[in-house]
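S.K.: Pasting the sequence and the predicted coordinates here, then a few questions.
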Amino acid sequence: MTRSIDYGNLMHRAMRGLIQEVLAGVAEGGLPGQHHFFITFDTTHPDVEMADWLSDRYPTEMTIVLQHWFANLLVDDEGFAVTLNFGDNPEPLYIPYDAIKTFVDPSVEFGLRFETQGGEDDDDGDDDEAPMSEMAEPEARPARAPAEVVSLDKFRK
């Protein structure tokens with residue numbers, strides 16, 4: 001059996017760790033400067049916790065914004081909990097890192113996108129899907145210019 005380094009899964013875990021570290025800093029000290037986050041996640045993930053009415057309204061995915069008002073941000077090794085305001089109705093959410101599809105901080109034009117690749121078998125059998133991470137270059141650009149996305153697939157054999 002030929003074994004190889006699974007760079008895709010290593011990058012996946014590293015980028016999830018980056019999100020964890022950023023959110024832990026915000027939980028401890030608040031959002032610095034103009035930073036704010038758009039986080040899109042898979043609402044069908046078995047560990048997502050949200051009100052039934054939100055699940056009904058967003059049956060496959062949802063984007064939340066952490067900017068002006070959020071409360072009770074708690075970060076752990078598996079995901080984060082936060083209370084957000086939906087039309088003057090505060091609702092608690094729990095989002096595992098594995099459910100996150102995109103994490104964007106438009107104040108510095110930084111973004112991560114996580115995609116799954118279907119049809120490939122994992123050597124170790126730990127995951128049902130083989131994730132692939134893509135990262136937008138956080139370089140300076142004119143406002144509203146599209147971010148360049150570099151796919152790690154270019155470097156896979």
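M.R.: Sure, I can see it.
S.K.: hang on, residue 34 packs against residue 109?
M.R.: No. Taking contacts as Cβ atoms under 8 Å, residue 34 lies outside contact range of residue 109: 11.7 Å. C-betas here are computed from N, CA, C, even on glycine.
S.K.: The two: which is more packed in?
M.R.: Remark: of residue 34 and residue 109, residue 109 carries more neighbours, 17 against 10, as counted by other Cβ atoms under 10 Å.
S.K.: Identify the single longest helix in the protein, thanks.
M.R.: Once the chain is assigned using DSSP state H, the helix that runs over the most residues is helix 7-29.
S.K.: what's the following helix or strand after that one?
M.R.: Helices and strands here follow DSSP states H and E; after helix 7-29, the next one along the chain is strand 37-42.
S.K.: Quick one: list the elements packing against that next one.
M.R.: Where contact means 3 or more Cβ pairs under 8 Å, 6 or more residues apart in numbering; DSSP states H and E, strand 37-42 is packed against strand 61-66, strand 100-105.
S.K.: and the first one, which residues are buried?
M.R.: In other words, strand 61-66. Taking 16 or more other Cβ atoms under 10 Å as the neighbour-count basis, strand 61-66 is seen to contain the buried residues 62, 64, 66.
S.K.: do stretch 25-44 as well
M.R.: Neighbour-count burial for stretch 25-44 flags 26, 31, 35-37, 39-43 (criterion: 16+ other Cβ under 10 Å).
S.K.: Could you find the lowest-pLDDT member of these?
M.R.: Across these, no position has a lower pLDDT than residue 31, which has 88.
S.K.: which ones are touching it?
M.R.: For residue 31, the residues meeting the contact criterion (Cβ atoms under 8 Å, 6 or more residues apart in numbering) are 66-67.
S.K.: any idea how far it lies from residue 66?
M.R.: Here residue 31 is placed at a distance of 7 Å from residue 66 (Cβ to Cβ, to the nearest Å).
S.K.: same check, this time on residue 40
M.R.: Residue 40 sits 12 Å away from residue 66 when distances are taken as Cβ to Cβ.
S.K.: got it, and residue 23?
M.R.: With Cβ to Cβ as the criterion, residue 23 and residue 66 are 8 Å apart.
S.K.: what touches both of these two?
M.R.: When contacts are counted by Cβ under 8 Å, 6+ apart, the set common to residue 23 and residue 66 consists of residue 73.
S.K.: Residue 69 contacts residue 85, doesn't it?
M.R.: Yes. With contacts defined as Cβ under 8 Å, residue 69 counts as touching residue 85 at a distance of 5.4 Å.
S.K.: Good, we can wrap up now.
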